[in-house]
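**Q** Structure for the following, please:
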Amino acid sequence: MTIRTLAASTCVAAGLLAPLGAAAKELKFANFSSPQHTITASVTDKLNEAAQAGTNGELTVRSYDGGELGSGPADQYVRVVQGVADIAWGLPGYTSSQFPKTMIVEMPDALPLDQPAYPALWRAYDDNLASEFPGVKPLALWGSEPNIFIMKDKQVRTPADLAGLKIRVAGASAGEAIEALGATPVQMPMTQVYNGLQTGLIDGAISGASTLIDFKLDEVADSYTLGANLGRLVFFTVMSQSVYDGLSDEEKAAIDSVAGEELSKSAEEAWIATADQALDAARADDRNTVIDLSDEEIAAFTEALAPVTDAYVEAAGGADALAAMRGE
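**A** Predicted structure coming up:
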């Protein structure tokens, strides 16, 4: 059964049961990470505060951390559709075939490094991305800090330095970019990257620097390359549409008061703050090599990666989506 079919059938079933579920005042938030992860303060706590403030404490959002409602990061969206959780966060990249246009943000040079991703995603949402989110109400859509190379025992200054290396990627689109640079992409959840680096299963990863703290990659990595526009990760927090529809007007207003760009901004700025903290710590650690690419070195990566982004956008029929994301 596809996610779209599952979403439709689940919504119908949940709609029939909505009057019985209306008395439930706790919304279950599925978090596959630890309670110390950046998601907690920037999203979960914000939702809970808004829910309680708007309903005199009668509606709460409770985080079920550490994968208590299911540990697989790739299955978070499905858990909401199936009713295992009311709300969950996750990465479109883990199921990238469902999110071809949303994933444009993850492509190299799709957005300038200094342009935030969350308003870009919301600009494109209604006309281009909404169909990729069946059965749910997106509460937040945001991007991470720009991706960097996070390496163990290897240093990357040019595309040639990647030849023959195994690099972890979150999804297929990033995998195409890595192949264009001469490396072998290895798809794995971020929760497995620590072990992958530690054991030599992978030589490095493309991800944001926030993972050095959130997933303790600073303990196993020792080289970081910054400056190339390698794209960024995209995240969602989604709520079951049928659960939302079953809320009272007061409860809906409480959720709506923070959902959308406000919650997305909170998340993205928190990711960037965590990344800045992680990079400061990495630079201060004598065991590490932090490489800031020159303009000439950056241009070599841009030239190598441009055909990958152009081909992806064309294949996804995403020209209009990309224009909206860029504010054109």
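**Q** Which stretches in the stretch 151-300 of the chain count as helices?
**A** Per DSSP state H, counting those that start in this stretch, the stretch 151-300 of the chain carries helices over the ranges 172-180, 193-199, 211-214, 241-245, 249-256, 261-284, 295-315.
**Q** Reformat these as a markdown table; add mean neighbour count and distance to residue 58.
**A** All C-beta atoms are positioned from the backbone trio N, CA, C, and that covers glycine. Below are those laid out as a markdown table (neighbours: other Cβ atoms under 10 Å; distance: least, Cβ to Cβ, whole Å):
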| stretch | mean neighbour count | distance to residue 58 |
| --- | --- | --- |
| helix 172-180 | 21 | 43 |
| helix 193-199 | 17 | 41 |
| helix 211-214 | 22 | 32 |
| helix 241-245 | 20 | 16 |
| helix 249-256 | 16 | 8 |
| helix 261-284 | 18 | 21 |
| helix 295-315 | 15 | 46 |
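**Q** Just put those in CSV and tack on distance to residue 85.
**A** Conversion of these to CSV gives the following (distance: least, Cβ to Cβ, whole Å):
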stretch, distance to residue 85
helix 172-180, 26
helix 193-199, 24
helix 211-214, 20
helix 241-245, 9
helix 249-256, 15
helix 261-284, 17
helix 295-315, 31
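**Q** hey, least reliable of those by pLDDT?
**A** With a mean of 89, helix 172-180 has the lowest mean pLDDT of those.
**Q** Nearest to residue 27, out of the helices of the stretch 151-300 of the chain?
**A** Between residue 27 and these, the shortest separation by Cβ to Cβ is 7.2 Å, and it involves helix 241-245.
**Q** name the helices or strands packed onto the closest one?
**A** Contact here means 3 or more Cβ pairs under 8 Å, 6 or more residues apart in numbering; DSSP states H and E; on that basis helix 241-245 packs against helix 3-21, strand 136-146.
**Q** Distance from the shortest one to the middle of the chain?
**A** Averaging C-alpha coordinates over strand 136-146 and over its chain gives two centres that are 7 Å apart (Cα atoms, centre = their mean, to the nearest Å).
**Q** who does the helix or strand containing residue 39 touch, helix- and strand-wise?
**A** Using DSSP states H and E, residue 39 maps to helix 38-39. If contacts are counted by 3+ Cβ pairs under 8 Å, 6+ apart, helix 38-39 sits against helix 261-284.
**Q** so where's this structure uncertain?
**A** 1-24 (pLDDT under 70).
**Q** ok, the spatially closest residue to residue 163 that is not a sequence neighbour - contacts?
**A** The spatial neighbour of residue 163 that comes closest, neighbours along the chain excluded (Cβ to Cβ, 6 or more residues apart in numbering), is residue 182 at 4.2 Å. Residue 182 is in contact with 159-160, 162-164, counting by Cβ atoms under 8 Å, 6 or more residues apart in numbering.
**Q** what does residue 29 give?
**A** So residue 29 contacts 44, 47, 61-64, 85-89 (Cβ under 8 Å, 6+ apart).
**Q** That's all I had, so thanks and see you.
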